[in-house]
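# what would the 3D arrangement of this be:
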Amino acid sequence: MPDRFAPPEQGEIRRLANAIRFLTMDAVENAKSGHPGLPMGMADAATVLFRHFLKFDAANPGWADRDRFVLSGGHGSMLLYSLLWLTGYPEITLDDLKSFRKIGSPCAGHPEHGDLPGIETTTGPLGQGIANAVGMALAERILNARFGDELVDHKTYVIASDGDLMEGISHEAISLAGHLKLKNLIVLWDHNNITIDGSTSLSDSTNMDERFKAAGWTTDSCDGHDAADVFRALSKAQEADGPVMIACRTIIGFGFPNRQGTQKAHSDAPGAEEIAGARKLLGWDYPAFVVPDDLLNQWRAIGQNGAAACRDWTARKNASGKAKEFDDTINDVLPATLAPALVTLKEKMLAEKPAGTRKYSEMALNVINAELANTIGGSADLTPSNNTRSKGLTEIKPGDFSGRYVHYGIREHGMAAAMNGMALHGGVIPYGGTFMVFSDYCRPSIRLAALMGIRVVFVMTHDSIGVGEDGPTHQPIEQLASLRAIPTLLTMRPADGVETAECWQIALENSRRPSLLAFSRQDAPPVRGAHTAENLSAKGGYELVGDKDAKVTFLATGTEVSLAVKARELLAAQGIKARIVSMPCWALFEEQPESYRKQVLGPGTVKIAIEAGTQLGWDRYIGADGAFVGMHSFGASGPYKDVYQHFGITAEAAADAARRLLKN
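Below is the predicted model:
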């Protein structure tokens, strides 16, 4: 095997890279769809990266100190799948490549985290991968500050496309990485000047080199098809004092006789004639999906390059006095003391004065962050409003990662995607805050967190028209309904301090799904009457209070639960019995047995839902004959109590609705 630390020979790299090219061509042609352009264009650069620089052991894909590789241009997924198979990662087979883009194949159209070892993140929506990579690099630096070079010392490499760098999220990610001086982050830009519509000059004239420099990055460029030049640029990047962007000048679809360098190479199946021409042009005399043994053996040896380093690291870790702490951290083990601490907090919450649930959240975080050493908080420049920084939490600064709080700046989307990357890296539990209405800015990343099934906690305060004077631009109306529509996402809107503590516990204990916590600016009076150690919110909905022979059921979330309490009192004064169901998390409620759901919803009672948001979704619970007290338009500017009164979201309105239904 040639010396991996010496500059490579062009012919060797080209032959290795051609294995990627032809596996890609054959898979895309077999599927009659796909994106061959990026894999064929970046095959040479990727080969140099994997052969000479990437620290990984294909036999141990979960090695905690491995380098991370992110294919941000996820449309070029056959580049990643080819590399995983060629280097000998477990679980992926040649038959999987042959079933590319077919139902049941782990080789989906775009890489999906969890389908195969070696897929570090789900990419495809452009810009997400590079933003995830910023989070991965940040998590590595945080863990390095805690455990030292002995246990944590690796890099994150990214292949990014022209489209990745056009997407707005890339601006947020790039500027954050530059500000924090993430020297362990290296981006290879596939600079091929082609998008689906044609030349990039049709839509963009940005000087990317100057753009990255302005954000605090070191930049370089190379001929992406010249192995020695790629090696030179990557070698130089290893010792940079901040993030590095290498512009790899490439030809999209390199090897296609008629399509290379054009938009036709981007995403069309090449056809038999074009593939035959490529075989002739590149001297590849093998049938479809055949890689000669000598070449495959070289690739498999590349997959073992990091085996010795992995063994050495394992020995160091096992001999370290921090071995158990590190293992517990990287495996996200929650301390046994956390749940009892939150139960104690719940009991204290019963005696608290009314406050916004964002304030109750801060109280919960004071407990949580004292119990856990791996929670990493943050906010998109709204720390005093989101209440996300608990007592004693120090900030992360450029080049200093010993703290546990990130000032993300006004970068909501970049924050959300970076938190996804942190969770994917492992060893940290990220949470970050902004206003609920700005969940729209975060939504693509929230959706991907749900798709990947990762523990990220999105803290959204100012959850309704209770925002008040800031008016309809800042008053979320449709957001709750739209977020509840995202599969697997736990969207939770607690009613008081007790439910807030319970919702935080749910978020932390669900390691395979993200949570979104909607907290109020306006005061939330305590509604839980008596203490119980049981986490009632974990069932998504439960009877808060009720009479045995009740005729009315009020269903509510958040601060509107207290309105239901008052409405019940109004009815009681007239001899009408009512019950209240608090529904902090619809997703969890839907997962309960049908018998439980029917019991909680109160069969035979008239039903009124109260929520300062849109009605969308409530009909499944209140039925066609139920009533909804909430919003049917955008909000208005004014003191929040006046706004609630203006839109008729009051206890009196809820009680009146109940009386009307009882008369019918």
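
# what's the burial count for the residue nearest to residue 17 when sequence neighbours are not counted?
With sequence-adjacent residues excluded and distances taken as C-beta to C-beta, 6 or more residues apart in numbering, residue 17 is closest to residue 43, at 3.9 Å. For the C-beta atoms, the positions are set from N, CA and C on the backbone; glycine is no exception. Around residue 43 sit 30 other residues, with neighbours defined as other C-beta atoms under 10 Å.

# secondary structure class for residue 43?
Each residue gets one of three states, and residue 43 gets helix by DSSP: H, G, I helix; E, B strand; the rest coil.

# what does the pLDDT read for it?
The model reports residue 43 with a pLDDT of 99.

# and it, what is it in contact with?
Taking C-beta atoms under 8 Å, 6 or more residues apart in numbering as the criterion, residue 43 is in contact with 17, 18, 20, 21, 24, 79, 254.

# one more time with 7 Å, if that's ok
Listed by C-beta atoms under 7 Å, 6 or more residues apart in numbering, the contact partners of residue 43 are 17, 20, 21, 79.

# longest helix in the chain, please.
Identified as the longest helix of the chain according to DSSP state H is helix 10-31.

# show me the contact partners of that helix.
Applying C-beta under 7 Å, 6+ apart, the contact partners of helix 10-31 are 2, 34, 36, 39-40, 43-44, 46-48, 78-79, 82-83, 86, 97-98, 100-101, 227-228, 255, 269-270, 275, 278, 282, 284, 288-289, 291, 295, 298-299.

# and it, how far out from the chain middle?
Centre-to-centre, helix 10-31 and its host chain are 31 Å apart (C-alpha atoms, centre = their mean, to the nearest Å).

# surely residue 406 touches residue 381?
No - judged on C-beta atoms under 7 Å, residue 406 makes no contact with residue 381 at a distance of 11.1 Å.

# between the two, tell me which one has more neighbours.
For residue 406 versus residue 381, neighbours defined as other C-beta under 10 Å are more numerous around residue 406 (27 against 16).

# what element comes up after the helix or strand where the more buried one lies heading to the C-terminus?
Using DSSP states H and E, residue 406 falls within strand 405-407. Where DSSP H and E defines the elements, the next helix or strand beyond strand 405-407 is helix 412-425.

# for the contacts of residue 43, which one is nearest residue 581?
Distance to residue 581, by C-beta to C-beta, is smallest for residue 79 among the contacts of residue 43, at 51.2 Å.

# could you find the closest non-adjacent residue to the closest one?
Once flanking residues are discounted, residue 79 sits nearest to residue 39: 3.7 Å by C-beta to C-beta, 6+ apart.

# does the one you found belong to a helix, a strand or coil?
Secondary structure, three-state DSSP: residue 39 is helix.

# ditto for residue 70
From three-state DSSP, the assignment for residue 70 is strand.

# I'd say it and residue 119 touch.
No - if you go by C-beta under 7 Å, residue 70 and residue 119 don't touch, sitting 9.6 Å apart.

# more crowded one of the two?
Using other C-beta under 10 Å as the criterion, residue 70 and residue 119 rank with residue 70 on top: 30 against 27.

# residues contacting the more buried one?
Counted by C-beta under 7 Å, 6+ apart, residue 70 has contacts 120, 121, 123, 129, 132, 133, 156, 158.

# pLDDT below threshold where in the chain?
For the chain, applying pLDDT under 70 flags the ranges 1-3.

# and for the strand holding residue 406, what's in contact with it?
The contact list for strand 405-407, computed with C-beta under 7 Å, 6+ apart, reads 376, 377, 378, 389, 393, 394, 395, 396.

# in a strand, the first one, correct?
Yes - when classified by three-state DSSP, residue 376 is found to be part of a strand.

# follow-up on the earlier one: among the contacts of residue 70, which ones are in strands?
Taking DSSP state E as the definition of strands, the contacts of residue 70 contribute 156, 158.

# of the contacts of residue 70, closest to residue 496?
Closest to residue 496 out of the contacts of residue 70 is residue 132 (35.3 Å), distances taken as C-beta to C-beta.

# coming back round to it: contacting residues for the residue nearest to residue 79?
Contact partners of residue 39, counting by C-beta under 7 Å, 6+ apart, are 20, 21, 24, 76, 78, 79, 82.

# just the buried residues of those residues.
The neighbour-count test (16 or more other C-beta atoms under 10 Å) marks 20, 21, 24, 76, 78, 79, 82 as buried among those.

# what about the helices in the stretch 451-600 of the chain?
Assigned by DSSP state H, counting those that start in this stretch, the stretch 451-600 of the chain shows helices spanning 479-484, 497-509, 560-572, 586-590, 594-601.

# same check, this time on the stretch 201-350 of the chain
Using DSSP H, counting those that start in this stretch, the helices of the stretch 201-350 of the chain run over residues 208-214, 227-237, 264-267, 272-282, 293-303, 307-319, 323-330, 338-349.

# now the angle from the longest one to helix 323-330?
Read that as helix 307-319. Orientation of helix 307-319 against helix 323-330 (axes from the mean of the first three to the mean of the last three C-alpha atoms, to 10 degrees) gives an angle of 110 degrees.

# in helix 307-319, what's buried?
Within helix 307-319, the residues scored as buried using 16+ other C-beta under 10 Å are 310, 313, 317.

# next, format those residues as JSON lines and append distance to residue 638.
Putting the buried residues of helix 307-319 into JSON lines (distance: C-beta to C-beta, whole Å) gives the following:
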{"residue": "310", "distance to residue 638": "62"}
{"residue": "313", "distance to residue 638": "60"}
{"residue": "317", "distance to residue 638": "59"}
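
# rewinding a little: nearest to residue 491, of the buried ones among the contacts of residue 39?
Closest to residue 491, out of all of the buried ones among the contacts of residue 39 and judged by C-beta to C-beta, is residue 76, at 33.2 Å.

# contact partners for the closest one?
Neighbouring residues of residue 76 by C-beta under 7 Å, 6+ apart: 35, 38, 39.

# one more time with 10 Å, if that's ok
24, 34-43, 46, 110-111, 123, 159, 161, 190, 252, 266-267 (C-beta atoms under 10 Å, 6 or more residues apart in numbering).

# filter the residues you listed to the buried ones?
The neighbour-count criterion (16+ other C-beta under 10 Å) marks 24, 34-43, 46, 110-111, 123, 159, 161, 190, 252, 266-267 among these as buried.

# re the thing from before, pick out the most distant pair among the contacts of residue 70.
The largest distance within those, taken as C-beta to C-beta, falls between 123 and 156 and amounts to 13.5 Å.

# what touches both of those two?
Both residue 123 and residue 156 are contacted by 70, 132, 133, under the criterion C-beta under 10 Å, 6+ apart.

# need those residues in a markdown table (columns: distance to residue 435).
Output for the shared contacts of residue 123 and residue 156, formatted as a markdown table (distance: C-beta to C-beta, whole Å):
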| residue | distance to residue 435 |
| --- | --- |
| 70 | 29 |
| 132 | 23 |
| 133 | 26 |
